[in-house]
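[1] I would like to see how this sequence folds:
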Amino acid sequence: MELNLLARLSWPGNPPVKKNRQQILPKGTGPNRRFFIAPSIEYTAARDAAIFAIRRQYRGPALGSKDQPLRLQCMFYLPARSKPDFDNLYTSALDILQSAGVIANDYFVLSPLPESDRIRDAESPRTEAWIFEQTDYEWMA
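    Down below sits the predicted model:
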């Protein structure tokens with residue numbers, strides 16, 4: 001497996017999890033009013049802070065395409081002893097990187113690298129991400 005490092009990014013704060021504590025909000029008024037599920041206020045605030053920090057570090061073009069498959073290694077430094085589901089943390093990191101314009105689409109990111117993990121760090125909770133290009137990967141037809 002050949003990997004080329006394209007970017008190393010870090011953003012402060014407790015890594016947000018998108019699927020926890022969602023809220024149900026009304027859309028429209030009157031008898032045809034519908035409801036939709038939105039991310040929690042805490043997730044939205046953490047996502048916006050992360051996007052701001054990422055955009056200060058990375059100003060290049062969006063990474064990832066069919067010709068440039070990506071691999072992502074994430075280290076989640078958590079403030080508490082609890083360990084949220086890794087898949088939810090990883091999915092949130094992908095959504096944040098896509099919203100910040102670092103990756104074009106999370107479809108082009110292959111499975112996480114096995115070195116990705118969750119670590120307890122009460123002093124400085126943060127997320128660190130390394131984005132690699134995998135040069136020896138071929139998409140299935």
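
[2] Please count neighbours and contacts with C-alpha atoms only from this point.
    Noted.

[3] Now do the contacts for residue 120.
    77, 78, 79, 80, 81 (C-alpha atoms under 8 Å, 6 or more residues apart in numbering).

[4] try 6 Å this time
    77, 78, 79 (C-alpha atoms under 6 Å, 6 or more residues apart in numbering).

[5] can you pull the buried residues of stretch 119-134?
    119, 125, 126, 127, 128, 129, 130, 131, 132, 133, 134 (16 or more other C-alpha atoms under 10 Å).

[6] Tell me the span between the first and last residue of that stretch.
    One end of stretch 119-134 sits 26 Å from the other (C-alpha to C-alpha, to the nearest Å).

[7] before we move on, the earlier item: which of the buried residues of stretch 119-134 fall within strands?
    Counting by DSSP state E, the part of the buried residues of stretch 119-134 found in strands is 119, 126, 127, 128, 129, 130, 131, 132, 133, 134.

[8] Which phi and psi values does the residue lying closest to residue 39 once chain neighbours are set aside adopt?
    Distances taken as C-alpha to C-alpha, 6 or more residues apart in numbering place residue 22 nearest to residue 39, at 4.8 Å, with adjacent residues excluded. Phi and psi for residue 22, reported as degrees, to the nearest 10, are phi -70, psi 160.
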